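Q: Sequence plus the predicted model coming up.
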Amino acid sequence: MKHKVLWALNALLLSTGMLAAQTQTGESMYRASCAQCHDAGVGRAPRREAFRDMAPERVLAAMETGEMITMGMRWPADGRRAIAEYLTGKALGTSLPTEPSPQAMCATGASFNVIGPAWTGWGRNTANTRFQDAAMAGITAADVPRLKLKWAFGFPGELNANGHPTYAGGRVFVGSPGGKVYSLEAATGCVHWYLDAGSQVRSAISIARIQTPAGPVDAAFFGDAKANAWAVDAANGKLLWKTRVDDFPVARITGSPVFHDGTLFVPVASGEEATGGVPSYECCKFRGSLVALDAVTGKQLWKTWTIDEVAKPTKKNKIGTRLFGPSGAPIWSTPAIDAKLNVVYVTTGDNYSEPGTRTSDSFMALDMKTGKILWVRQMTANDAYTSACRLPDRTNCPDVDGPDFDFGASPILVTLRNGKRALLAGQKSGLVHALDPDKKGEILWQVRVGKGGTMGGVQWGSAADGSNIYVAVSDIKRIMLNYTNTTDADPGQGGGMFALRLDNGEIIWYTPPIACGERKRCSPAQSAAVSAMPGVAFSGSMDGHLRAYSATNGAVIWDYDTEHTYQTVNGVEGRGGSLDGPGPVIAGGMVFANSGYTAAGGAPGNVLLAFSIDGK
């Protein structure tokens, strides 16, 4: 038992970056996550000695695109390479490029001006509508069927492309799992600048003009997987400031920091829901928060916890590990700004341990100037969950056992046709909620669109125009693999696209998912965020397809299969895979989308794709 506990804990610590970098040798990672099968010859796992006759490239391919991808996705690119070299005792024939080649850089240092077509941050605007108007889109619904690939950019050595792109000033800004942040020329994909943040950057990058003592600067704001908020000069990538917003070991920023009136609002989540699944881990102590920073200096103005009280010892689990609570209620998504009421809205995740709190799985409204909680509307009570609840060893699963119906989707603030307003978000429960922000979150309507589940219902969010909200359904069914603590997706379940009337939630149309056929590592689930423009809603699928739906009747008017290899503009080996997490960005006559997402059985990929009319 002790050996298994140490193995599971080490695997989680390695995957979340909690072990020091110097301990992550090929040998240590192998012993932490591979030895339990390969040293013992479990099932079809080759014994360790067999690897000595293999080329390291073969072992690396198994972890990146083959039968061991479910384990390989735990490690960064350099970690996978180190394991392959350790197991075979041979060096890989080619090095991993981590910096753009001189040929990938833009030939001239073009000036940058934030004015013009833009999609900045996660929601396109501070209301999070994810809707691009006709002037900014630069294309019409009639143009969409003519979209063709213009260029592909490859993220070196990655299995996922999960950083949400941003468009401003004719450039695309995007982060990567390896911690690289790029500023690309939208027309060609050449690199204006790049920086190494040192940790995964999946938050959308917000661009805004700030007034510094030296004059106005167009700043790019983002967060990383170590809970650092960053501000850099959008023109050249020069650091303006960097602020750690939470000291918890696995705290992270996944939602986009939002700029408004000189203040940056930063949501804070964590990886403790996964770490808490290890029986020897004292689960759990993290609590989510929203942090307000001065956008010019990075100085903290206020910090509001989603749970008022600090976690205290509660009981011991069956192997004697002390447990703590309450915990959790992370903010995974991007806040919405209500300038009329001077309020910032967030949606929260579940609790990680008991007791449950009134602020988990909730909409929350906070005073923009002070951070005071003005009201809370909880949609699922007593939802405590860790990864243990889906593993064979459920020791650290809370007694209430989920149902893990947290919010991954951002709140959307809209004005209805009658002049009243609504605050909307889909939930992993499968429900879409509409609240009245002017009546302290009074429920206007609720509509079920999915079955719900740990990765079900509405996963990453929707888009809203003046009439409808466009909702994609995840409903991934997870299949536990018998040789690891990870899962594959059921190719026969999930997906579907809805249009609901903003006024009352009436279903305007529903388009069923398209089957996977014989494609491997495939799910029809539509987990990625939806994006919209006049007459069209875009939705990416775990099956690798990016589709455009008619806003009128839900007909698919354009379908691009991203799951193939690409000749990239930066010379990196590129391949597409599942679409999940970020949705496409529409601006300046182009559409930009990432492809590659291995979670829950998805297909790997490492490309940012740019589309335009006829590829010109």
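A: Thanks, I have the structure now.
Q: where along the stretch 51-200 of the chain do the helices fall?
A: With DSSP state H, counting those that start in this stretch, the ranges of helices along the stretch 51-200 of the chain come out as 56-64, 69-72, 77-88, 134-137.
Q: rank those by pLDDT, which is bottom?
A: If you rank these by mean pLDDT, helix 69-72 sits at the bottom with a mean of 64.
Q: thinking again about what came up before, I'd like to know which of the helices of the stretch 51-200 of the chain is closest to Phe153.
A: helix 77-88 (16.2 Å; C-beta to C-beta). In this view, the C-beta of every residue, glycine as well, is placed from N, C-alpha and C.
Q: name the helices or strands packed onto the closest one?
A: Contact partners of helix 77-88 among helices and strands, from 3 or more C-beta pairs under 8 Å, 6 or more residues apart in numbering; DSSP states H and E: helix 26-33, helix 56-64.
Q: Tell me the buried residues in the longest one?
A: Neighbour counts over helix 56-64 (16 or more other C-beta atoms under 10 Å) mark Pro56, Val59, Leu60, Ala61, Ala62, Met63, Glu64 as buried.
Q: thinking again about what came up before, could you dump the helices of the stretch 51-200 of the chain to a markdown table with distance to Gly492?
A: Shown next, in a markdown table, are the helices of the stretch 51-200 of the chain (distance: least, C-beta to C-beta, whole Å):
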| stretch | distance to Gly492 |
| --- | --- |
| helix 56-64 | 26 |
| helix 69-72 | 19 |
| helix 77-88 | 30 |
| helix 134-137 | 35 |
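Q: For Met590, which of those helices is the nearest?
A: Nearest to Met590, of the helices of the stretch 51-200 of the chain and by C-beta to C-beta, is helix 134-137 at 9.3 Å.
Q: quick one: contacts of the closest one?
A: Defining contact as C-beta atoms under 8 Å, 6 or more residues apart in numbering, one finds that helix 134-137 is touched by Pro117, Ala118, Trp119, Thr140, Met533, Pro534, Ile586, Ala587, Gly588, Gly589.
Q: burial count for the second one?
A: What that stands for is Ala118. 20 (other C-beta atoms under 10 Å).
Q: quick one: it from Glu185, how far?
A: According to C-beta to C-beta, to the nearest Å, Ala118 stands 15 Å off from Glu185.
Q: One more: the fifth one?
A: Plainly put, Met533 is 22 Å away from Glu185 if you go by C-beta to C-beta.
Q: Neighbour count: those two, which is higher?
A: Comparing Met533 with Glu185 by other C-beta under 10 Å, the one with more neighbours is Met533, at 28 against 18.
Q: List phi and psi for that one.
A: Dihedral pair for Met533: phi -150, psi 170, per degrees, to the nearest 10.
Q: so what's it bridging to?
A: Val536 (DSSP bridges).
Q: separation between it and Ala251?
A: For Met533 relative to Ala251 (C-beta to C-beta), the value is 35 Å.
Q: again, but for Gly189
A: Taking C-beta to C-beta, one finds Gly189 at 33 Å from Ala251.
Q: same deal with Leu500?
A: 34 Å.
Q: same check, this time on Thr166
A: 23 Å.
Q: between the two, who's got more neighbours?
A: Taking neighbours as other C-beta under 10 Å, Thr166 and Ala251 compare with Thr166 leading, 29 against 23.
Q: isn't the more buried one right up against Ala204?
A: Yes: using C-beta atoms under 8 Å, Thr166 is in contact with Ala204, at 5.7 Å.
Q: Common neighbours of the two, please.
A: Thr120, Gly121.
Q: contacting residues around the closest residue to Tyr167 other than its chain neighbours?
A: Leaving aside its chain neighbours, Tyr167 sits nearest to Ala587 (4.0 Å; criterion: C-beta to C-beta, 6 or more residues apart in numbering). When contacts are counted by C-beta under 8 Å, 6+ apart, Ala587 touches Pro117, Ala118, Trp119, Gln132, Met136, Ala137, Gly138, Tyr167.
Q: which intervals of this protein have sub-threshold pLDDT?
A: 1-23, 36, 40-47, 49-50, 53-54, 58, 64-74, 109-110, 480-487, 616 (pLDDT under 70).
Q: per the record, what domains does it have?
A: 2-88, 119-477+486-613 (automatic domain parsing).
Q: Looking at these, which is nearest to Glu99?
A: Comparing the domains of the chain by C-beta to C-beta, domain 119-477+486-613 comes nearest, at 7.3 Å.
Q: so how far is that closest one from its chain's centroid?
A: 5 Å (C-alpha atoms, centre = their mean, to the nearest Å).
Q: Pull up the gap between Ala142 and Ala274, please.
A: 45 Å.
Q: give me the element Gly492 is part of.
A: Assigned by DSSP states H and E, Gly492 belongs to no helix or strand.
Q: neighbours around it, how many?
A: Count around Gly492 with other C-beta under 10 Å applied: 11.
Q: And the one 5 residues further on, by the same measure?
A: Neighbour count for Met497, taken as other C-beta under 10 Å: 23.
Q: Provide the partner residues of it in its beta bridges.
A: According to DSSP bridges, beta-bridge pairing links Met497 with Ala472, Thr511.
Q: residues in contact with Ala186?
A: Ala186 touches Tyr167, Gly170, Arg171, Val172, Gly588, Met590, Phe592, Ala610, counting by C-beta under 8 Å, 6+ apart.
Q: and Asn236, backbone torsions?
A: Residue torsions, per degrees, to the nearest 10, at Asn236 are phi -140, psi 0.
Q: So it sits against Trp193, correct?
A: Yes: at 5.7 Å, Asn236 counts as touching Trp193 under the criterion of C-beta under 8 Å.
Q: Compare the two (neighbour count), which wins?
A: Trp193 (22 against 12).
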